[in-house]
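A.B. asks: No letters, just coordinates:
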């Protein structure tokens with residue numbers, strides 16, 4: 001016996017199925033966009049573990065020589081990895097806001 005025979009259609013699916021199955025159904029429809037990883041150089045240290053990072057020449061077209069406000073990632077805070085102006089770092093930028101980022105790695 002299929003769902004259509006029970007009277008379940010796409011427009012009343014969340015009300016008929018249990019709540020968790022409805023959430024899984026919605027999550028399959030909404031795909032998460034991937035973050036963009038770019039290399040850059042720290043130009044300025046700001047309070048609260050935030051930094052200004054200038055992105056490099058090898059960045060994608062929209063990000064070449066652009067300055068981004070970045071915060072340290074949680075693991076870097078937890079292990080107290082120091083970042084100073086002049087350090088080369090890897091920055092993770094979301095597609096939603098290209099003016100802010102997260103520092104995920106400091107080059108050695």
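C.D. replies: Ah, there it is. In this text the structure is predicted, and so the values were computed from the model without any measurement.

A.B. asks: Walk me through the regions of the protein where pLDDT falls short of the threshold, as ranges.
C.D. replies: 1-31 (pLDDT under 70).

A.B. asks: how about the strands of it, start to end?
C.D. replies: Remark: strands assigned in the chain by DSSP state E are 36-46, 50-55, 67-72, 88-93, 100-106.

A.B. asks: now for those, which one comes closest to residue 81?
C.D. replies: Residue 81 lies closest to strand 100-106 among the strands of the chain, at 6.0 Å (Cβ to Cβ). Backbone N, C-alpha and C define where each C-beta goes, glycine included.

A.B. asks: circling back to that earlier point, adding distance to residue 78 and mean neighbour count as columns, could you present the strands of the chain in TSV?
C.D. replies: Formatted as TSV, the strands of the chain follow (distance: least, Cβ to Cβ, whole Å; neighbours: other Cβ atoms under 10 Å):
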stretch	distance to residue 78	mean neighbour count
strand 36-46	19	16
strand 50-55	17	20
strand 67-72	10	18
strand 88-93	17	20
strand 100-106	13	19
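
A.B. asks: check contacts around residue 63.
C.D. replies: Contacts for residue 63 (Cβ atoms under 8 Å, 6 or more residues apart in numbering) come out as 36, 38, 55, 93, 98.

A.B. asks: again, 7 Å this time
C.D. replies: Listed by Cβ atoms under 7 Å, 6 or more residues apart in numbering, the contact set of residue 63 reads 38, 55.

A.B. asks: Quick check: it vs residue 99, distance?
C.D. replies: Plainly put, residue 63 is 11 Å away from residue 99 if you go by Cβ to Cβ, to the nearest Å.

A.B. asks: Residue 51 too?
C.D. replies: 14 Å.

A.B. asks: Having no further points to raise, I will conclude here.
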